[in-house]
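Novice: predicted structure and sequence below. I'll ask about it afterward.
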Amino acid sequence: MNDIKALIIDDEPQLRKLIAINLEQQGIAVVSAATGREGIIMAASHQPDIILLDLGLPDRNGHQILTELRQWFVNPVLILSARNTEEDIVKALDNGAVDYIVKPFRTGELMARLRTALRQNHKAESEPLIVLGELTIDFASRRVTRGGNEVHLTVTEFKLLAIMASNEGRVVTHRFLLKEVWGIAYQTETQYLRVFVAQLRKKLEQDPNRPAHLLTENGIGYRLI
Amino acid sequence: MEKLKSPKSSTRQFISASALILIISAACFTAGPWLSYHATAMLLLLCVSVLAVKYDIYPVLSSAVLSALLLNFFFIPPLYTFHITTGEDLLMLLIYIIIAVINGIFTFRLKREERKSRERSERRNALRLYNTIFNSLSHELKTPITAVIAAADILEDTAQPATAKILVNEIQVAAQRLDSQLENLLAMSRLESGMLSLQKDWTDITDLLYRIGELYQTPTHEIIIQADPNLPLVKLDYGLVSKAIENIIRNAVAHTPAGTTVTVAADYNDGACIITVADNGQGLPPGSFWQVFDKFYRAEGAAAGGTGLGLSIAKGFTEAHGGEIRACNDNGAVFTITLPAESTYINKLKNE
């Protein structure tokens, strides 16, 4: 985790300090900004490897800042938000945020999401095989094995799993999954997702009711770990 | 024409409208030979139209009728009678009445539309104001709590000696409690303000229950989830429903001794999703089955702690969703939430 620089954009000095302490303990260099305006300037001048952006900024809407950043900032943006704002979180994710964390958060969770965000995307070309515990997903041969035994997945089921796998560790919104697997006309047909995720869990999870890999992020989407 | 103010009382309007009509009529009458009765009709019509701009519909209609009568009696030949001899005059009078009445009705409708759109924008402004205050209050309370939890969290790793670790744990527990009380108060405030908006989407109710079960693992109580795997998908606002169930579970855990089991089950029947939370504790005080949902109700002898809001929030959220909640005793307390909801079985999904 060395040589990583993070930018924190949050209007609360206490939180900026605390997150900074946390990150610095892990060897990450930290710069911070108190307003959106300042944040954008610092992003341009410091070129951080990751930005933590508070959605509830006072001067400009956190969403606006995100949109502006996304126009030229290529590294991941993680959003910090208050609870009960799933709509805002989904909007931010659809607008290019890579993941989110809800206040009050535990540092373990923050670090996990940060690390995942900093990892590169698994592209099928660059990383044809993904291993998650006892599951192995082979993009090239389109096969999935569980504890060494092959699991038969239908085309749609594999497609769904593959998209989540290429975003491994990160949350993917309902809309994104529906668009990618079924097409843009289906982006609000959440019933398809529910059914297929249940089917995948039955085939892949030790205990489909207590999934270890295919996690639900209520109101937002799913996360494959 | 003099500028007219719009008096608030209806009687005042009747009086001043009639007065105006009478004055104008008298003036036209005295202008006698130089003013034809056709011109008088136009002047009176103008009067009524001006009145319609500011006055309520009934004074306006009455002045329309009054002016028509005056016109007929004092101006249309033969004078001082209600008779009309020529067809042309009859036509004029009829058209006069029609125009006067239309005027009144038209402006009445217009004013009603204006009032409605004013009310709508007032409501929009109230909503905006509420949201602003709610969000800033939320933010102001959550931020210190977040800071405490984060700081305690960091401290936990480095706290020495053992006593410090225990203290840090106390801070964490207290902060979490504060946080959940805050959540409850915010939830109550949203409910009371009437500013709760439903966001229904297809929900896997079994998944929802298991997620809640995971969240509420406690060392003292066992939470069992019982859900039929063949339940259809149900269109619910998962947020409201979760909160309702969570509050009941939390209540059950708080009011039953350690070792009690809480069973959460879901079923779908007759167009409604039915969720039950049952414990095998000592049950609710007999006769309190409706009272338990009152705000701030605390059972006698209940342990200290808790604001007494949990069940009333569960009820509020259930009802906001269009559902019903009931409590009874059956070897322990049983809470039943009934939510009318659409369901779907997707059998014909393309899947190959």
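Specialist: All right, it came through fine.

Novice: pairing partners for A:Ile145 in the sheet, please.
Specialist: If you look again at residue A:145, you'll see it is Thr, not Ile. Here A:Thr145 sits in beta bridges with A:Thr136, A:Glu150, going by DSSP bridges.

Novice: neighbours around it, how many?
Specialist: 14 (other C-beta atoms under 10 Å in any protein chain shown). Every residue, glycine included, has its C-beta placed from N, CA and C.

Novice: isn't it up against A:Leu135?
Specialist: Yes - at 7.3 Å, A:Thr145 and A:Leu135 qualify as touching, with contact defined as C-beta atoms under 8 Å.

Novice: residue boundaries of the helices in chain A?
Specialist: Applying DSSP state H to chain A gives helices spanning A:13-25, A:36-46, A:62-70, A:86-94, A:107-118, A:155-166, A:174-182, A:190-204.

Novice: which strands or helices does the first one pack on?
Specialist: Spelled out, that is helix A:13-25. Identification of packing neighbours for helix A:13-25 by 3 or more C-beta pairs under 8 Å, 6 or more residues apart in numbering or on different chains; DSSP states H and E yields strand A:5-9, strand A:29-33, helix A:107-118, helix B:87-158.

Novice: quick one, which of these is packed in tightest?
Specialist: Mean neighbour count, computed with mean count of other C-beta atoms under 10 Å in any protein chain shown, is highest for strand A:5-9 among those, reaching a mean of 24.

Novice: and that strand, average pLDDT?
Specialist: Averaged across strand A:5-9, the pLDDT comes to 95.

Novice: do stretch B:14-31 as well
Specialist: Mean predicted lDDT for stretch B:14-31 stands at 90.

Novice: can you give me the buried ones in it?
Specialist: B:Phe14, B:Ser16, B:Ala17, B:Leu20, B:Ile21, B:Ile24, B:Ser25, B:Cys28 (16 or more other C-beta atoms under 10 Å in any protein chain shown).

Novice: also stretch A:200-209?
Specialist: Result for stretch A:200-209 [16+ other C-beta under 10 Å]: buried residues A:Leu200, A:Arg201, A:Leu204, A:Glu205, A:Pro208, A:Asn209.

Novice: distance from the chain centre to it, please.
Specialist: 22 Å (C-alpha atoms, centre = their mean, to the nearest Å).

Novice: which residues touch that stretch?
Specialist: Stretch A:200-209 has contacts (C-beta atoms under 8 Å, 6 or more residues apart in numbering or on different chains) with A:135, A:144, A:146, A:151-153, A:157, A:160-161, A:198, A:211-214, B:206, B:210, B:225.

Novice: near chain B, which residues of chain A show up?
Specialist: Chain A comes close to chain B at residues A:12, A:14-15, A:18-19, A:21-22, A:25, A:56, A:82-84, A:86-87, A:103-108, A:154-157, A:190-192, A:194-198, A:209-210, A:216, A:218-219, as judged by C-beta under 8 Å from any C-beta of the partner chain.

Novice: follow-up on the earlier one: B:Leu51: which of the buried residues of stretch B:14-31 is nearest?
Specialist: Distance to B:Leu51 across the buried residues of stretch B:14-31 (C-beta to C-beta) is lowest for B:Ala17, with 5.2 Å.

Novice: secondary structure class for the closest one?
Specialist: Using DSSP: H, G, I helix; E, B strand; the rest coil, the structure places B:Ala17 in helix.
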